[in-house]
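>>> structure for this input, please:
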Amino acid sequence: MQTTKANALYAGADLHGNNVFLSLCDQEGNTVFRKRVKANLAAVNAALDPFWDRIVALGVESTFNWYWFVDGLHEKDRNVKLGNPAKMEQYKGIKITNDLTDADWLAEQLRLGIFPESYIYPKETRPVRDALRRRQLFVRRRTQVLLSFGGLLERYGLDAPGARKLEQWTLKDIQATGLDEFVQLQLETLLEAIRESDRLAKKVEQQVLAVAKPTKQYRRAQQVPGIGVALGMLVALESGDFSRFKSAGDYASYCRAVKSECSSNGKKKGKNNAKNGNRYLAWAFVEAATYAARFNPRIHAWYERKKRTSGVPKAKKALACKLAKAMWHVMNGKDFDEKLMFG
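Residues are numbered from 1 along each chain as shown. Okay, here's the model as predicted:
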């Protein structure tokens with residue numbers, strides 16, 4: 001059957017870990033089908049099989065487990081749209097919300113043409129990006145264990161060695177502390193955890209670098225001050241296609257590097273969604289700001305002035321914003337110049 005405006009249908013899928021609630025509405029907004037099915041492609045396709053030739057689009061929220069759903073239906077040439085949950089809040093006055101109303105609302109937004117689409121990261125490189133995200137788990141664990149190691153020594157009146165000195169520690173150094181055998185056991189296991197976290201982080205980094213290093217985006221990213229090997233990989237992989245950002249400001253906003261506020265009649269009324277954007281890029285540009293302020297003379301001078309007037313957090317966030325905007329220009333063909341940051 002050929003889809004016409006009169007018989008067109010719009011589908012919403014409320015996706016969960018073990019089930020999917022499906023809803024279809026027609027051009028007039030009337031619900032024509034609702035069903036909860038198991039979370040697998042066979043069940044979804046079987047439920048929607050009588051309607052596929054009339055379905056204009058199917059919308060699903062960008063939840064933690066959308067990969068299998070969107071990729072699987074795309075392979076069947078279904079028009080699936082991934083939605084941004086932060087931009088699709090239902091009417092606040094509604095008394096009851098559940099899976100049914102959520103699926104209905106997804107379909108309704110498609111019908112009205114207001115469905116807030118999210119970027120669908122290419123399937124081919126998505127596992128590489130996700131591997132780099134997992135690397136951060138090991139980096140964080142290493143930091144946590146280092147702090148625990150230092151805290152344990154200080155608890156017994158001993159000075160905690162720095163991270164670099166700790167890398168040289170052996171079992172003899174632990175025994176030389178003269179602490180109780182069970183305290184030494186704690187130190188020994190913590191030291192092993194630090195080294196294991198290091199090993200796993202480096203293993204991921206090396207394999208991701210082998211994929212990222214030949215790419216143009218990775219090479220250009222390192223033109224920006226504060227961006228080295230690890231941050232270069234992260235920026236290149238997390239940003240994806242830079243053409244989706246219309247301006248440097250849009251990219252900085254995606255990196256959570258701009259302020260979030262709500263005002264009316266010149267008065268501040270609160271904050272908007274400060275978490276809207278990519279948390280990995282937000283972390284990356286704050287890290288880049290730390291290094292850039294330390295090693296680049298002009299950036300250091302600007303940062304120190306900003307710090308005196310606004311304090312460390314605001315100064316670092318402002319510098320992260322400038323770096324993110326400079327990155328957008330670099331990724332769109334301009335070679336880095338400090339004028340991109342300071343005019």
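>>> the longest helix in this structure is where?
The longest helix of the chain (DSSP state H) is helix 181-212.
>>> can you name every helix or strand that it contacts?
In terms of contacts (3 or more C-beta pairs under 8 Å, 6 or more residues apart in numbering; DSSP states H and E), helix 181-212 is packed against helix 126-155, helix 171-175, helix 229-239. (C-beta placed from N, C-alpha, C; glycine too.)
>>> could I get the buried residue list for the first one?
If I follow you right, that is helix 126-155. Buried residues in helix 126-155, counting neighbours by 16 or more other C-beta atoms under 10 Å, are found at 128-129, 131-132, 135, 138-139, 141-142, 145-146, 149-150, 152-153.
>>> and which of these is nearest residue 60?
The nearest member of the buried residues of helix 126-155 to residue 60, counting by C-beta to C-beta, is residue 129 at 20.2 Å.
>>> quick revisit: run the chain-centre distance for the longest helix of the chain.
Distance of helix 181-212 from its chain centroid, counting by C-alpha atoms, centre = their mean, to the nearest Å, is 24 Å.
>>> pLDDT score for residue 271?
At residue 271, the predicted lDDT confidence score is 65.
>>> residues touching residue 10, list them.
Taking C-beta atoms under 8 Å, 6 or more residues apart in numbering, we find residue 10 in contact with 24-26, 55-59, 107-108, 110-111.
>>> check residue 38 too.
The neighbourhood of residue 38, defined by C-beta under 8 Å, 6+ apart, consists of 18-20.
>>> just the buried members of those?
residue 20.
>>> and which of the contacts of residue 38 is nearest to residue 216?
Within the set of the contacts of residue 38, residue 20 lies nearest residue 216; the separation is 38.7 Å, counting by C-beta to C-beta.
>>> quick check, the closest one in a helix?
No. Checked against DSSP: H, G, I helix; E, B strand; the rest coil, residue 20 lies outside a helix; its state is strand.
>>> look up how far residue 120 lies from it.
Distance of residue 20 to residue 120, computed by C-beta to C-beta, to the nearest Å: 18 Å.
>>> which element is residue 10 on?
Take DSSP states H and E as the rule and residue 10 turns out to sit in strand 9-15.
>>> so what are the sheet partners of that strand and their directions?
Listed by DSSP bridges, the sheet partners of strand 9-15 and their directions read strand 19-26 (antiparallel), strand 55-61 (parallel).
>>> can you pull up the most central residue in the chain?
A centroid search over the chain (C-alpha atoms, centre = their mean) returns residue 278, at 3.8 Å, as the residue closest to the centre.
>>> double-check that residue against residue 256; I have them as touching.
Yes. Shown here, residue 278 and residue 256 form a contact pair, counting by C-beta atoms under 8 Å, at 7.1 Å.
>>> coming back round to it: okay, buried residues for the longest helix of the chain please.
Counting neighbours by 16+ other C-beta under 10 Å, one finds that the buried residues in helix 181-212 are 183-184, 187, 190-191, 193-194, 197, 200-201, 204-205, 208-209, 211-212.
>>> please apply the same query to stretch 104-115.
Buried residues in stretch 104-115, defined by neighbour count with 16+ other C-beta under 10 Å: 104-111, 115.
>>> ok, so of those residues, who is nearest residue 308?
Of all the buried residues of stretch 104-115, residue 115 has the smallest distance to residue 308: 46.6 Å, by C-beta to C-beta.
>>> what about the residue nearest to the closest one when sequence neighbours are not counted, distance to residue 195?
Once flanking residues are discounted, residue 115 sits nearest to residue 109: 4.2 Å by C-beta to C-beta, 6 or more residues apart in numbering. Shown here: residue 109 relative to residue 195, a distance of 50 Å by C-beta to C-beta.
>>> and residue 317, by the same measure?
34 Å.
>>> for residue 15, list each beta-bridge partner.
Assessed by DSSP bridges, residue 15 has beta-bridge partners residue 20.
>>> need the pLDDT of residue 213.
As summarised for this prediction, residue 213 has a pLDDT of 89.
>>> who's in contact with it?
So residue 213 contacts residue 219 (C-beta under 8 Å, 6+ apart).
>>> now do the one 4 residues further on
Residue 217 makes contacts with 235-236, 239, 242, 331, as judged by C-beta under 8 Å, 6+ apart.
>>> repeat that with 6 Å
With C-beta atoms under 6 Å, 6 or more residues apart in numbering as the criterion, the residues that contact residue 217 are residue 236.
>>> shaky segments in the chain?
Counting by pLDDT under 70, the chain shows low-confidence ranges at 1-5, 91-92, 262-274.
>>> now do the domain split for it, please.
What the record gives for the chain is the domain set 9-112, 126-212, 221-227+237-342, from automatic domain parsing.
>>> helix, strand or coil for the residue nearest to residue 115?
State at residue 109, reduced to three classes by three-state DSSP: helix.
>>> just checking, it touches residue 117?
No. Applying C-beta atoms under 6 Å, one finds residue 109 not in contact with residue 117, separated by 10.1 Å.
>>> what's the burial count for the nearest residue to residue 275 once chain neighbours are set aside?
Distance criterion C-beta to C-beta, 6+ apart; nearest residue to residue 275, sequence neighbours excluded, is residue 256 at 7.3 Å. Neighbours of residue 256 under the rule other C-beta atoms under 10 Å: 24.
>>> again, but for the one 5 residues further on
Other residues within reach of residue 261, judged by other C-beta under 10 Å, total 11.
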